[in-house]
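[1] build the 3D model from these lines:
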Amino acid sequence: MRHAPVTAKVGVYGNDNPEADCSSAPPFHWLWEHLPRENVTVLSSPLQRARQTAAAVARQAPETCNASERRMVSQLNEPRTESAFKEFGYGGWQGMTWQEISASEPEKAHAYFAANPWVAPPNSEPYLTFAARVGERVAAISFGAQAHNHNFIVFSHAGTIVAALMQAMGVGGAPVSTALGFQISNCSLTVMTLTFSEQGLLGRVQGVNLQGTAPVPLQRKESTSAET
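    Numbering: from 1, shown residues only. Below you'll find the predicted structure:
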């Protein structure tokens, strides 16, 4: 799931580390009610806004918890951090608005957004390098989920979720403009299944931007599920 909104935002913040605004309880209560309890490992980006969002979900647990809920609360409060799920870094563009980026470096900005996925922001990495790193970790986690009848819940970022979606849809090498076609909302849940077979890695996206009253297609005991 994507983290809660940040408290102070000026332009693109990428892999900077602002705090999350977790003051509104309803989104976290909905997540607590719909996330799986059994056979679960909770992972998080190392950035504080992702970890703060996980802790906000934990605060929605009832005062009297059963054993699986207590384990869930413990993991939400201390998720296992995964550096591969850190947000994409915009380097010298961080802190700027998209309009300022386009005005300051129009040719490079156009190449980055539309034409060449190997073009990197100043002092950063190409998007495809980032997407490959995310994809490799998602694939490894999915292999473990399939082998051990397990679910993974990952608290992360819009860029990370989009990279995972692109892999699940088999378009991991597409231009950045394809990635920008996805809009991932704060406090929303994305559900996908990646299955290994003789044909290779097969992806199935069960839901994107799930939140509020939306039905959640989680299959809590299915060995191939991995939630992001």
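
[2] which stretches of this protein have low pLDDT?
    Scanning the chain for pLDDT under 70 picks out 9, 114-117, 144, 146-148, 171-180, 198-199, 213-228.

[3] the top strand by length along it pairs with which strands?
    The longest strand of the chain (DSSP state E) is strand 200-210. With DSSP bridges as the test, strand 200-210 is paired with strand 189-197 (antiparallel).

[4] what is the burial count for residue 181?
    By other Cβ atoms under 10 Å, the residues close to residue 181 number 10. (Each C-beta comes from the backbone N, C-alpha and C, glycine too.)

[5] that one should be in a strand, yeah?
    No - in this structure, residue 181 is coil, not part of a strand, as judged by DSSP: H, G, I helix; E, B strand; the rest coil.

[6] next one: it from residue 145, what distance?
    Separation of residue 181 from residue 145 (Cβ to Cβ, to the nearest Å) stands at 27 Å.

[7] break this protein down into its domains, please.
    Taking automatic domain parsing as the criterion, the chain consists of the domains 27-89+127-215, 91-124.

[8] of the ones you listed, which is nearest residue 13?
    Smallest distance to residue 13 across the domains of the chain (Cβ to Cβ): 6.3 Å, for domain 91-124.

[9] buried ones in the lengthiest helix in the chain?
    Assignment by DSSP state H gives helix 127-148 as the longest helix of the chain. If you call a residue buried by 16 or more other Cβ atoms under 10 Å, then helix 127-148 has these buried ones: 127-128, 130-131, 133-135, 137-139, 141-143, 145-146.

[10] list of residues touching stretch 58-71?
    Residues outside stretch 58-71 that contact it (Cβ atoms under 8 Å, 6 or more residues apart in numbering): 25, 28-29, 31-33, 37-38, 40, 72-73, 76-77.

[11] quick one: the helices in this structure, in order.
    25-34, 48-58, 67-77, 98-104, 106-110, 127-148, 158-168, 176-179.

[12] distance from the chain centre to stretch 25-33, please.
    On the basis of Cα atoms, centre = their mean, to the nearest Å, stretch 25-33 sits 17 Å off its chain's mean C-alpha point.

[13] quick one, the longest strand of the chain and helix 25-34 angle?
    In terms of direction (axes from the mean of the first three to the mean of the last three Cα atoms, to 10 degrees), strand 200-210 departs from helix 25-34 by 140 degrees.

[14] what residues sit buried inside strand 200-210?
    So, applying 16+ other Cβ under 10 Å, buried residues of strand 200-210: 201, 203, 206, 207, 208, 210.

[15] just put those residues in CSV and tack on distance to residue 5.
    Conversion of those to CSV gives the following (distance: Cβ to Cβ, whole Å):
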residue, distance to residue 5
201, 33
203, 28
206, 25
207, 21
208, 18
210, 17
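
[16] any idea which of those residues is closest to residue 98?
    So of those, ranked by how close each gets to residue 98 (Cβ to Cβ), first place is residue 208, at 22.2 Å.

[17] show me the contacts for that closest one.
    165, 182, 184, 188, 190.
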